[in-house]
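Asks: 3D, please:
(one chain, ligands or ions: 1)
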Amino acid sequence: MSIRIFVTGGTFDKEYNELTGALAFKDTHLPEMLRLGRSRVDVSVRTLMMIDSLDMTDADRDVIVAQCRQAAERQIVITHGTDTMIETAAALARALPPDAGKTIVLTGAMIPYAFGSSDGLFNLGSALSFVQVLAPGVYVAMNGRHFLWDRVKKIARLGHSRPCDARCQGHKGKEQRTQRGTQRSPQRTNTMMTRVRASARSFVGRLTARFRITVTQLRAAVGRPEGLCPLFFFFVSLTAAAQPVPPAEIERLLSDYVAIDTSNPPGDTRKAADFLASILEREGIPVTRYESAPGKAILYARLKATALPPAGKAVVLLHHMDVVPADRAQWKTNPFAPTMRGGELWARGAMDMKGPGVAELVAFLRLKRERVPLSRDVILLAEPDEEVGGALGARWMIANHYAELDPEYVIDEGGFGSRDLFAPNALVYGISVAEKKLVWLKLRAEGVAGHGSQPTADNPNDRLVRALARLLAGGDPESVALQPTDAGRPVQDRREPSILDVMRAKVGAFAPNKFTNAIQKSTISLTWFRSGVGDPPKINVIPSVAEAGLDCRVLPGTTKDQWIVEVRRRLGDASIQIEVVNESDDPVVTTQDSPLFRSLEAAIKKRHADAIVTPLLIPYGTDSNAFRPKGVKSYGIFPAILSAEAVASMHGDAERVPLDGVVEASEVFFEALRDALK
Ligand SMILES: [Zn+2]
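Replies: Numbering: from 1, shown residues only. Next comes the predicted model:
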């Protein structure tokens, strides 16, 4: 039989907002605590309420009693605020005497788990142990000890429990208790002071580290330990203006996000949107949801400009919630159970694109938390469907809700920083400003069928192979490329230098690899060849038709028609038919001459003075390509330093992202937005 855990809130599950000093509830930490404690106990966790126990009413207690009575489990642990734990214990004892056969253990914490040094983990472990060995009845477990419910009282001033003795007056649930929302009782004030002291203790370590002073010096400065409290608030207010979100919070966000399976197909993003919505709404940011098709949830949140009128149109922080499917048989880890290894978080979507999405989210939250003055609106947009073309994501929003977006800028995926991918031995950050144009072609040669014993000049295979050899001539497959004279020049203004000119001027010699090859040339991959008669094809029959598929990726500045003329010329056989199977929009190149690009560059260089920041052409497609034709300046950048190997892990069975990269990216985004939107 498993153990039932009921969560009711209390200090145990409180979150401390380091910026406002407020204690508030988010989700329960129970599952995480059980995981951290490597618990092997069979439990089922259910949250009944998330409230401060001083706000708990008789009706709330009735709910707890009813749930304990109905639970099939005979062993029950309840997490509860310590202030009125004894009252709840008394209510339970009245309703469920020992002959009811249930062992119920209440436990709590004096320091929130979120502080990182909580007694909650210890108390939870004790409670789980006690509930397995104690006889039926109602107990309280705190400080490593257990007490029958009517043999304990809380000493609020000291913040621990002790057995009741002869001097004890007025326990058994008759302590002062305030009604919901009424004035504070002396007990509550004491409890708050206990919490404030706990807060101070928890943060003094961080503060002293930040300011390189010792606790002894701090105490000497204020004369007595209690003086730490006002000093604590002083320091918090002093540091609030530049307080990054702690890496542990970012790790938790990313871990929870990648654990939501949004594999596309089917690409159901409703749970991911629920997750993001719950975070934003907790921070007081209203959320709008759209659904482009059943299951294809889109999430939209907007921070309004503080300047009136705004300096211009909005900035959109764009990311896609869907991920490519994962072949669990190939993965060494569970792709939807995030695993930390050597500072990297392994999971499907860690890199593409939930890691960058969390970096954007954290920057967005900081703009709100720190009340950063904004000269424009900032929109967080999370979309489905990118991994299958974006028709029900970015393109659907553009077609159906453009007025709600109408941005001047979009920040999206595309580029990143790397010490080895772009250039050997140089730290280069590429901010993508354009994509190559996709042109998929089918070639078809027709001839006369015949017997394989008598070769003829009308064999379509021979003709197609010879033509392909001419087309692909010039060395190894990686270097197969055509380079018309306008390569990479912006379509809008042919007097401007091309992106490639700018990149070469900034980076110098590129590192030789398939990524840098693909961004310097229009490329052709021969992806299939189809011929023969019958299945399996007969060896002694010359077919009448041979076909081949070409995945062409064309530099900006070359149109489809120009490209086909070039392919036909190189094939050198006018009888071969060329059919366009698919093409993307003509790429538009976003200028790098903008305040946001400069702010991104400055925020990167502030951290890495040696970094080269360059506009980048990317060889793959992103949602940005749907925005650029609308005149939107779209920058694709995950401002983290990634190895070529980590970049290559995208879509593979070892996808991972360095956690410090996500943390740094969130800081770069935040600073770039703060400075660009002054
Ligand atoms: Zn992506």
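Asks: residue ranges with poor pLDDT in the stretch 401-550 of the chain?
Replies: 474-496 (pLDDT under 70).
Asks: For the stretch 301-450 of the chain, which residues are neighbours of the ion?
Replies: Counting by Cβ under 5 Å from the ion, the stretch 301-450 of the chain comes close to the ion at 352-353, 413. Just so you know, the C-beta spots here come from the backbone N, C-alpha and C atoms, and that holds for glycine as well.
Asks: Can you lay out these as a markdown table showing secondary structure?
Replies: Putting those into a markdown table (DSSP: H, G, I helix; E, B strand; the rest coil) gives the following:
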| residue | secondary structure |
| --- | --- |
| D352 | helix |
| M353 | helix |
| E413 | strand |
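Asks: Spit out the contact partners of S432.
Replies: Residues touching S432, when contacts are defined by Cβ atoms under 8 Å, 6 or more residues apart in numbering, comprise 414-415, 615-618, 622, 624, 635-637.
Asks: doesn't it fall inside a strand?
Replies: Yes - S432 sits within a strand when classified using three-state DSSP.
Asks: just how off-centre is stretch 514-530 within its chain?
Replies: Relative to the centre of its chain, stretch 514-530 is centred 31 Å away, using Cα atoms, centre = their mean, to the nearest Å.
Asks: can you dump the C-alpha coordinates of it into PDB?
Replies: Coordinates of the C-alpha atoms in stretch 514-530 are reproduced here as PDB (Å, rounded to 0.1, in the frame of the first residue of the first chain):
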ATOM      1  CA  LYS A 514      29.600  21.800 -43.500                       C
ATOM      2  CA  PHE A 515      27.900  24.700 -41.700                       C
ATOM      3  CA  THR A 516      30.300  27.400 -42.900                       C
ATOM      4  CA  ASN A 517      30.400  25.800 -46.400                       C
ATOM      5  CA  ALA A 518      26.600  26.000 -46.500                       C
ATOM      6  CA  ILE A 519      26.500  29.700 -45.600                       C
ATOM      7  CA  GLN A 520      29.000  30.800 -48.200                       C
ATOM      8  CA  LYS A 521      27.400  29.100 -51.200                       C
ATOM      9  CA  SER A 522      24.200  28.100 -52.900                       C
ATOM     10  CA  THR A 523      24.300  24.400 -52.400                       C
ATOM     11  CA  ILE A 524      22.800  21.300 -54.000                       C
ATOM     12  CA  SER A 525      22.200  17.900 -52.300                       C
ATOM     13  CA  LEU A 526      21.200  15.100 -54.600                       C
ATOM     14  CA  THR A 527      18.800  13.400 -52.100                       C
ATOM     15  CA  TRP A 528      17.200  10.700 -54.300                       C
ATOM     16  CA  PHE A 529      17.500   8.900 -57.600                       C
ATOM     17  CA  ARG A 530      14.600   6.900 -58.900                       C
END
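Asks: which of the residues in it are buried?
Replies: Using 16 or more other Cβ atoms under 10 Å as the test for burial, stretch 514-530 gives 515-524.
Asks: Need those residues in a markdown table (columns: distance to the ion and secondary structure).
Replies: Below are the buried residues of stretch 514-530 laid out as a markdown table (distance: Cβ to the ion, whole Å; DSSP: H, G, I helix; E, B strand; the rest coil):
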| residue | distance to the ion | secondary structure |
| --- | --- | --- |
| F515 | 15 | helix |
| T516 | 20 | helix |
| N517 | 21 | helix |
| A518 | 17 | helix |
| I519 | 17 | helix |
| Q520 | 22 | helix |
| K521 | 23 | coil |
| S522 | 23 | strand |
| T523 | 20 | strand |
| I524 | 24 | strand |
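Asks: any chance of those in a markdown table, with distance to A676 too?
Replies: Formatted as a markdown table, the entries for the buried residues of stretch 514-530 read as follows, by distance: Cβ to Cβ, whole Å:
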| residue | distance to A676 |
| --- | --- |
| F515 | 28 |
| T516 | 29 |
| N517 | 33 |
| A518 | 30 |
| I519 | 26 |
| Q520 | 30 |
| K521 | 33 |
| S522 | 34 |
| T523 | 34 |
| I524 | 39 |
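Asks: re the thing from before, and the contacts of S432, which of them are in helices?
Replies: Using DSSP state H, S624 are the members of those that sit in helices.
Asks: and which of the contacts of S432 is nearest the ion?
Replies: Closest approach between those and the ion, by Cβ to the ion: T622, at 6.5 Å.
Asks: Please name the nearest non-neighbouring residue to L121.
Replies: Spatially, and ignoring its direct neighbours in sequence, L121 is nearest to M33 (5.5 Å; Cβ to Cβ, 6 or more residues apart in numbering).
Asks: Buried residues, the strand or helix carrying that neighbour. List them.
Replies: Here M33 sits within helix 30-36, counting by DSSP states H and E. Taking 16+ other Cβ under 10 Å as the basis for neighbour counts, the residues of helix 30-36 that come out buried are 30, 33-34.
Asks: Strands of the stretch 351-500 of the chain, start to end?
Replies: Using DSSP state E, counting those that start in this stretch, the strands assigned to the stretch 351-500 of the chain run over residues 378-383, 407-418, 428-435, 437-446, 450-451, 481-482.
Asks: and Q70, how far is that from R46?
Replies: Noted for Q70: a distance of 11 Å to R46, by Cβ to Cβ, to the nearest Å.
Asks: Could I get the average pLDDT for the helix holding M33?
Replies: Mean pLDDT, helix 30-36: 85.
Asks: what do you get for stretch 80-96?
Replies: On average, the pLDDT along stretch 80-96 is 91.
Asks: same deal with stretch 126-144?
Replies: Regarding stretch 126-144, the rounded mean pLDDT is 93.
Asks: Stretch 382-393 too?
Replies: 93.
Asks: who in this structure is up against the ion?
Replies: Residues of the chain lying near the ion by Cβ under 5 Å from the ion: 352-353, 413.
Asks: Show me which of those is closest to M650.
Replies: Each of the residues of the chain next to the ion was checked against M650 using Cβ to Cβ; the closest is D352, at 4.6 Å.
Asks: ok, that closest one - how many residues close by?
Replies: Counted with other Cβ atoms under 10 Å, the neighbours of D352 add up to 24.
Asks: Which residues are in contact with it?
Replies: In this structure, D352 makes contact with 323-324, 413, 650-651, 655, judged by Cβ under 8 Å, 6+ apart.
Asks: could you dump the residues you listed to a markdown table with neighbour count and secondary structure?
Replies: Conversion of the contacts of D352 to a markdown table gives the following (neighbours: other Cβ atoms under 10 Å; DSSP: H, G, I helix; E, B strand; the rest coil):
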| residue | neighbour count | secondary structure |
| --- | --- | --- |
| V323 | 29 | strand |
| V324 | 19 | coil |
| E413 | 26 | strand |
| M650 | 19 | coil |
| H651 | 15 | coil |
| E655 | 27 | coil |
